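Engineer: No letters, just coordinates:
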């Protein structure tokens, strides 16, 4: 039996005001994992959406028995949504993918092909299909990440990752915002986790609004990054 056919996966999909994307992204995820996994669940974390996301997810639960919904009463941030999803996961592998249809969940096949040799199989975007302001923000942020922490991965923030749940359980993740992926890789390095990187196709967003270029989100990410570096310095001194 191949790893793909024997694997059990919890897919975690954070969503904030993704009513226009969820029907397709949840359906595609359920179909992809149904073809690849022995058992799976799709966990959508509704991070305080103010559109029709909550009502749509209730309808989708009747269509997709594998769908579980975790809801934040108010918007707490991307990192908080991921932490809630990770905490809710039941299966040995956790597959992270955003709900905005910028990835094809069937590409999980490429991650599963490397899973036997890894604790984290991290996708990286062959060509990033985001608007220029978002790409510029990402470049500035990850230039600073590289200065503070060294090389962590080719595409730290790529929301297409397969991770062992027992590894995530050993991490004390605190980020409420976009720093969460940096935090995962830094802690993975401390835990001597095996990280493998795989190229993945990335697609333009066609529905809904991106929040990654929002000034408040950007400032929060930089603030969290500097606070995280200070915390890591304390840990290193105490060791």
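Structural biologist: Thanks, I have it. Predicted model only: the values in this text are computed from it and were never measured.

Engineer: Any regions of the chain where pLDDT drops low?
Structural biologist: 1-5, 208-215, 239 (pLDDT under 70).

Engineer: and if we set it to 80?
Structural biologist: The model of the chain has pLDDT under 80 over residues 1-5, 129-134, 137-138, 208-218, 220-221, 234-239.

Engineer: Would you map the helices across it?
Structural biologist: Secondary structure of the chain (DSSP state H): helices at 3-6, 19-36, 53-63, 78-88, 108-112, 132-149, 165-169, 180-190, 215-238.

Engineer: Who are the packing partners of the fifth one?
Structural biologist: Yep, that's helix 108-112 we're talking about. Judged by 3 or more C-beta pairs under 8 Å, 6 or more residues apart in numbering; DSSP states H and E, the packing partners of helix 108-112 are helix 3-6, helix 19-36, strand 120-125, strand 160-164, strand 195-200. For the C-beta atoms, the positions are set from N, CA and C on the backbone; glycine is no exception.

Engineer: 6 Å instead?
Structural biologist: Helices and strands touching helix 108-112, as assessed by 3 or more C-beta pairs under 6 Å, 6 or more residues apart in numbering; DSSP states H and E, are absent.

Engineer: Give me the contact list for it.
Structural biologist: The contact list for helix 108-112 (C-beta atoms under 6 Å, 6 or more residues apart in numbering) reads 4, 32, 121, 162, 198.

Engineer: Mind checking which of the residues you listed are buried?
Structural biologist: 4, 32, 121, 162, 198 (16 or more other C-beta atoms under 10 Å).

Engineer: Just list the residues touching the last one, thanks.
Structural biologist: What it means is residue 198. Going by C-beta under 6 Å, 6+ apart, residue 198 touches 110, 111, 114, 123.

Engineer: Would you confirm that the last one contacts residue 157?
Structural biologist: No - with contact defined as C-beta atoms under 6 Å, residue 123 and residue 157 do not form a contacting pair (10.8 Å).

Engineer: More neighbours: which of these two?
Structural biologist: residue 123 (26 against 21; other C-beta atoms under 10 Å).

Engineer: For residue 163, see how far away that one is.
Structural biologist: 11 Å (C-beta to C-beta, to the nearest Å).

Engineer: Grab the nearest non-local neighbour of residue 25.
Structural biologist: residue 99 (4.7 Å; C-beta to C-beta, 6 or more residues apart in numbering).

Engineer: Report how many residues lie close to the one you found.
Structural biologist: 24.

Engineer: I'd say it and residue 24 touch.
Structural biologist: No - under the criterion of C-beta under 6 Å, residue 99 lies out of contact with residue 24, with a separation of 9.4 Å.

Engineer: any chance of the helices of the chain in CSV, plus distance to residue 205?
Structural biologist: Putting the helices of the chain into CSV (distance: least, C-beta to C-beta, whole Å) gives the following:
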stretch, distance to residue 205
helix 3-6, 28
helix 19-36, 8
helix 53-63, 16
helix 78-88, 15
helix 108-112, 20
helix 132-149, 10
helix 165-169, 27
helix 180-190, 18
helix 215-238, 15
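
Engineer: Compare those and give me the one nearest residue 95.
Structural biologist: Residue 95 lies closest to helix 108-112 among the helices of the chain, at 6.0 Å (C-beta to C-beta).
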